[in-house]
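Participant: sequence first, then the predicted structure:
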Amino acid sequence: MDIDFAELASLVALLKEADFSEFRYEKGDVRIQVRRGALETESTAPVVSMIPSPKAAVHVAPAAPLPASQPAAATRVSAQTVPGASVIQAPMLGTFYAAPKPGEPAFVQVGDRVESDAVVGIVEVMKLMNSVHAGIRGTVVAVHVNNGELVEFGQALFSVQEDSA
């Protein structure tokens, strides 16, 4: 098996706090798939499948469903994307950080101009810090997540009004 117990425990802890419907992880011969919500069996408990090799499969279903995610923080600027603006999305599931270090100013705020190569945040996954680049030029018009918040793959992080031309 290519995943050790500490890695697996860290992954489970991260997933307990995340709001998602399906998560897949592959490393070497190990494939982990976690789903939340109603499945074909009408179960409401998350189902975890660990498949160490194509010949064996282990299925684990917790006795009780995980608690619902916490309500959105009041400091969030907008849970909805801004019409006409482009969205910078989370490149992966993890913890979002708005600043390079605790106590430092955020990479970007509403009203800031960004270039396509500008770092707008960090997503931490299993102690690895992954820079999130804007990918577009324009002005930040909305921030959709708070510092330290768990984000899903594809979740809106920022809305940016692109420059014309």
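Facilitator: Yep, that arrived. Residues are numbered from 1 along each chain as shown.

Participant: list the buried ones in stretch 147-159?
Facilitator: Asn147, Glu149, Leu150, Val151, Glu152, Gln155, Ala156, Leu157, Phe158, Ser159 (16 or more other CB atoms under 10 Å). Heads up, the C-betas are built off the backbone N, CA and C, glycines and all.

Participant: and stretch 127-135, what's buried?
Facilitator: Neighbour counts using 16+ other CB under 10 Å place Val132, Ala134, Gly135 of stretch 127-135 among the buried residues.

Participant: ends of stretch 126-138, how far apart?
Facilitator: End-to-end distance for stretch 126-138: 31 Å, by CA to CA, to the nearest Å.

Participant: repeat that for stretch 148-163.
Facilitator: Using CA to CA, the span of stretch 148-163 from its first residue to its last is 29 Å.

Participant: got it, and stretch 95-109?
Facilitator: 18 Å.

Participant: residues of it that come out buried?
Facilitator: Using 16+ other CB under 10 Å as the test for burial, stretch 95-109 gives Thr95, Phe96, Tyr97, Ala98, Phe107, Val108.

Participant: ok, the second one - contacts?
Facilitator: For Phe96, the contacting residues are Ala90, Gly121, Ile122, Val123, Val145, Asn146, Asn147, Gly148, Glu149, Leu150, Val151, Leu157, taking CB atoms under 8 Å, 6 or more residues apart in numbering as the criterion.

Participant: could I get the CA-only coordinates of the helix or strand harbouring Ala6 as CSV?
Facilitator: Element membership for Ala6 (DSSP states H and E) is helix 5-17. Extracted in CSV, the C-alpha atoms of helix 5-17 (Å, rounded to 0.1, in the frame of the first residue of the first chain):
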residue,chain,number,x,y,z
PHE,A,5,-1.7,5.6,8.3
ALA,A,6,-0.7,9.2,9.1
GLU,A,7,-1.5,10.3,5.6
LEU,A,8,-4.9,8.5,5.7
ALA,A,9,-5.7,10.0,9.1
SER,A,10,-4.9,13.5,7.8
LEU,A,11,-7.0,13.0,4.8
VAL,A,12,-10.0,11.8,6.9
ALA,A,13,-9.7,14.8,9.2
LEU,A,14,-9.7,17.1,6.2
LEU,A,15,-12.7,15.4,4.7
LYS,A,16,-14.7,15.6,8.0
GLU,A,17,-14.6,19.4,7.8
